[in-house]
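[1] Here's my sequence, what's the structure:
(2 chains)
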2 protein chains.
Amino acid sequence: MIEIDAILFDVFGTLVDWRGSLIRDFTSWSVGRGLTVDWTGLVDAWRAAYVPSMNRVRNGERAWANLDTLHRESLQDIGHQFGLPATVHESDREYLVQGWHKLDPWPDSAAGLQCLKTRYIIAPLSNGNMSLLVDLARHAGFPWDAVFSAELFRHYKPDPETYLGAAEFLGLPPERVLMAAAHNGDLRAARKFGLRTAFIARPHEYGPAQTHDLAPQADWDFVASTVENLATQLGLPA
Amino acid sequence: MIEIDAILFDVFGTLVDWRGSLIRDFTSWSVGRGLTVDWTGLVDAWRAAYVPSMNRVRNGERAWANLDTLHRESLQDIGHQFGLPATVHESDREYLVQGWHKLDPWPDSAAGLQCLKTRYIIAPLSNGNMSLLVDLARHAGFPWDAVFSAELFRHYKPDPETYLGAAEFLGLPPERVLMAAAHNGDLRAARKFGLRTAFIARPHEYGPAQTHDLAPQADWDFVASTVENLATQLGLPA
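    As a prediction, the model looks like this:
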């Protein structure tokens, strides 16, 4: 019997559909702007640049920079490969960066969180910066009790400072905290640092041809199909 | 015309009635426990110990300690003067410390915040520690978009790191952020560091004989009688 007081959620992919949201947003926004951009290719390449850009911060190659900054820089690096002109206006470039602040949730996310909040403290634990997470929660209707961003710790997941830092701010030992994520790597780190683990399957996060994180790769404490399904497994009424 | 994007709230006194809540809670809890304590005297003395205990952290006399820790220590110092035996059981002492985590809101607080949230980002900026603020928000129904505690900055208000740190996490220049408080000193600091200011009058925070912070002591940007009244002044429907 696992007893927990709080649930921390990964956000990108676990609660929101970043890929579908950005492709939809940019495609509709670019109509009539004279831009011929391969938005699907750009969004996939932009996301692929995310882990390497964070790792340069994590391994000390560069000083702390938040996710908006990393997004801005990597867009500069990859945009031209997909037809985004290097001369694009600064405000248009900023529109794209801010796209990450208004991603749509998966259909079950908001209702599932609302249900879990009736019994547990709920908060994101995300590599997104604070203002991004605040904007996302307002856009998607996530009723957080607190917001834990890598920016608070100046460390990105999977660094221990993030998981242990959030538990400490909540005044809880790690084993009373459940980390919920669609990514096995996130859960591996959370378990290593003493947290409980819940895998939420999001097999289309990376589009129809997704090849990784299709299924749990360890005996996680919970394996759920949706946030609502996790709530049911925790004994909450559907 | 003042344009703002976010409102930060002081919590103790501004949104919750710490004095009335603690006296009611402890009085009812102590019935049948064989404790003869002057709870009103104890609560007032406990609160009076708050600023000096924080100032020892602020001036570097001692290392960072969060508010739960300061409360625990000052209770140890003052309890016996009001009839709390030095031999009181540790769990009873902890009950008193945790009393600060479940203070009742003023009648207008939750509804006023709900209204302000429809247009503005709302968050506490409080010297309470994170877990205290999370527990309080759940108890009182405060629908925060984020939670900013002195603990995040390892600096207590009125240090600049708190006001400027919260604005920076929100990605906003200080002049787009409104600080709302029942205390002129809090607003003096907020204005000094570039934030907008709203005084919310709470003339009974310290009981019927309150002598300070009965009225605004400067030309604050807003002077309101309640949180709901602040929302009305900002043009939101009542």
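
[2] Look up how far residue A:121 lies from the residue lying closest to residue A:5 once chain neighbours are set aside.
    Once flanking residues are discounted, residue A:5 sits nearest to residue A:176: 4.7 Å by C-beta to C-beta, 6 or more residues apart in numbering or on different chains. Heads up, the C-betas are built off the backbone N, CA and C, glycines and all. According to C-beta to C-beta, to the nearest Å, residue A:176 and residue A:121 sit 10 Å apart.

[3] quick one, strands of chain A?
    A:6-9, A:121-126, A:148-149, A:177-181, A:196-200, A:222-224 (DSSP state E).

[4] if we can go back for a sec, residue A:176 and residue A:121: who's more crowded?
    Between residue A:176 and residue A:121, counted using other C-beta atoms under 10 Å in any protein chain shown, residue A:121 has the larger neighbour count: 23 against 18.

[5] Mutual contacts of residue A:176 and residue A:121, please.
    When contacts are counted by C-beta atoms under 8 Å, 6 or more residues apart in numbering or on different chains, residue A:176 and residue A:121 are jointly contacted by A:5-6.

[6] in chain A, which spans are helices?
    Listed from the start of the chain, chain A has helices (DSSP state H) covering A:18-30, A:39-48, A:50-58, A:67-78, A:90-98, A:109-117, A:130-140, A:150-153, A:160-169, A:184-192, A:227-233.

[7] name the helices or strands packed onto the third one?
    Contact partners of helix A:50-58 among helices and strands, from 3 or more C-beta pairs under 8 Å, 6 or more residues apart in numbering or on different chains; DSSP states H and E: helix A:67-78.

[8] Quick check: buried residues in the helix it packs on?
    Counting neighbours by 16 or more other C-beta atoms under 10 Å in any protein chain shown, one finds that the buried residues in helix A:67-78 are A:67-68, A:70-71, A:74-75, A:78.

[9] quick one on the thing from earlier: contacting residues around the residue nearest to residue A:5?
    Applying C-beta under 8 Å, 6+ apart, the residues near residue A:176 are A:3-6, A:167.

[10] For those, could you give me a markdown table that also reports neighbour count and pLDDT?
    As requested, those are arranged in a markdown table below (neighbours: other C-beta atoms under 10 Å in any protein chain shown; pLDDT from 0 to 100):
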| residue | neighbour count | pLDDT |
| --- | --- | --- |
| A:3 | 7 | 96 |
| A:4 | 18 | 98 |
| A:5 | 15 | 98 |
| A:6 | 24 | 98 |
| A:167 | 25 | 98 |
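
[11] which one of those sits closest to chain B?
    residue A:6 (8.7 Å; C-beta to the nearest C-beta).

[12] correct me, but that closest one touches residue A:124?
    No: when contacts are counted by C-beta atoms under 8 Å, residue A:6 is not listed as touching residue A:124 (11.7 Å).

[13] rewinding a little: per-residue pLDDT, the residue nearest to residue A:5?
    The predicted local distance difference test score for residue A:176 is 98.

[14] which ones are touching residue A:56?
    The neighbours of residue A:56, taking C-beta under 8 Å, 6+ apart as the test, are residue A:62.

[15] From residue B:193, how far off is it?
    Shown here: residue A:56 relative to residue B:193, a distance of 33 Å by C-beta to C-beta.

[16] One more: residue A:156?
    29 Å.

[17] Between these two, which is the more surrounded one?
    Remark: of residue A:156 and residue B:193, residue A:156 carries more neighbours, 24 against 17, as counted by other C-beta under 10 Å.

[18] What residues does chain A have near chain B?
    By C-beta under 8 Å from any C-beta of the partner chain, the residues of chain A that approach chain B are A:68, A:121, A:129-131, A:133-134, A:137-138, A:143-147, A:149, A:151-152, A:169-172.

[19] start to end distance for stretch A:217-230?
    As for stretch A:217-230, its first-to-last residue distance stands at 18 Å under the measure C-alpha to C-alpha, to the nearest Å.

[20] Work out the gap between that stretch and the centre of the chain.
    Its chain's average C-alpha position is 17 Å from that of stretch A:217-230, according to C-alpha atoms, centre = their mean, to the nearest Å.

[21] swap in stretch A:6-16?
    6 Å.

[22] Then stretch A:157-167?
    Its chain's average C-alpha position is 15 Å from that of stretch A:157-167, according to C-alpha atoms, centre = their mean.

[23] what does it rub up against?
    Counting by C-beta under 8 Å, 6+ apart, stretch A:157-167 makes contact with A:6, A:8, A:10, A:58, A:123, A:125-127, A:148, A:150, A:152-156, A:173-174, A:176-177, A:179, A:185-186, A:188-190, A:192-195, all of which sit outside it.

[24] ok, now with 6 Å
    Residues from elsewhere that reach stretch A:157-167, judged by C-beta atoms under 6 Å, 6 or more residues apart in numbering or on different chains: A:8, A:125, A:127, A:148, A:150, A:153, A:155, A:174, A:177, A:189-190, A:193, A:195.

[25] Taking those together, which two end up most distant?
    Spatial extent of the contacts of stretch A:157-167 (C-beta to C-beta) is set by the pair A:127 and A:174 at 19.2 Å.

[26] quick one, which of those two is more surrounded?
    Between residue A:127 and residue A:174, residue A:127 has the larger neighbour count (other C-beta under 10 Å), namely 26 against 18.

[27] right, so of the helices of chain A, which gets closest to residue B:107?
    Closest to residue B:107 of those is helix A:109-117 (C-beta to C-beta; 23.4 Å).

[28] For the nearest residue to residue A:228 once chain neighbours are set aside, give its distance to residue A:232.
    The shortest distance from residue A:228 to any non-neighbouring residue, by C-beta to C-beta, 6+ apart, is to residue A:112 (4.1 Å). Distance of residue A:112 to residue A:232, given as C-beta to C-beta: 9 Å.

[29] which of those two has more neighbours?
    Summary of the neighbour comparison: residue A:112 and residue A:232, criterion other C-beta under 10 Å, with residue A:112 having more neighbours (28 against 15).

[30] My read is that that one contacts residue A:227, right?
    Yes: counting by C-beta atoms under 6 Å, residue A:112 does reach residue A:227; the two are 2.7 Å apart.

[31] Please save the CA atoms from stretch A:153-171 in PDB.
    As requested, C-alpha coordinates have been extracted for stretch A:153-171 and formatted as PDB (Å, rounded to 0.1, in the frame of the first residue of the first chain):
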ATOM      1  CA  PHE A 153      16.300  25.400  -8.600                       C
ATOM      2  CA  ARG A 154      18.500  26.600 -11.500                       C
ATOM      3  CA  HIS A 155      18.800  22.900 -12.400                       C
ATOM      4  CA  TYR A 156      17.000  21.000 -15.100                       C
ATOM      5  CA  LYS A 157      15.400  17.600 -14.700                       C
ATOM      6  CA  PRO A 158      16.700  14.900 -14.300                       C
ATOM      7  CA  ASP A 159      19.100  16.700 -11.800                       C
ATOM      8  CA  PRO A 160      18.300  15.600  -8.200                       C
ATOM      9  CA  GLU A 161      17.900  19.200  -7.100                       C
ATOM     10  CA  THR A 162      14.600  19.400  -8.900                       C
ATOM     11  CA  TYR A 163      12.800  16.300  -7.500                       C
ATOM     12  CA  LEU A 164      14.300  16.700  -4.000                       C
ATOM     13  CA  GLY A 165      13.800  20.400  -4.000                       C
ATOM     14  CA  ALA A 166      10.100  20.200  -4.700                       C
ATOM     15  CA  ALA A 167       9.600  17.500  -2.000                       C
ATOM     16  CA  GLU A 168      11.500  19.700   0.500                       C
ATOM     17  CA  PHE A 169       9.400  22.800  -0.400                       C
ATOM     18  CA  LEU A 170       6.300  20.700   0.300                       C
ATOM     19  CA  GLY A 171       7.800  19.600   3.600                       C
END
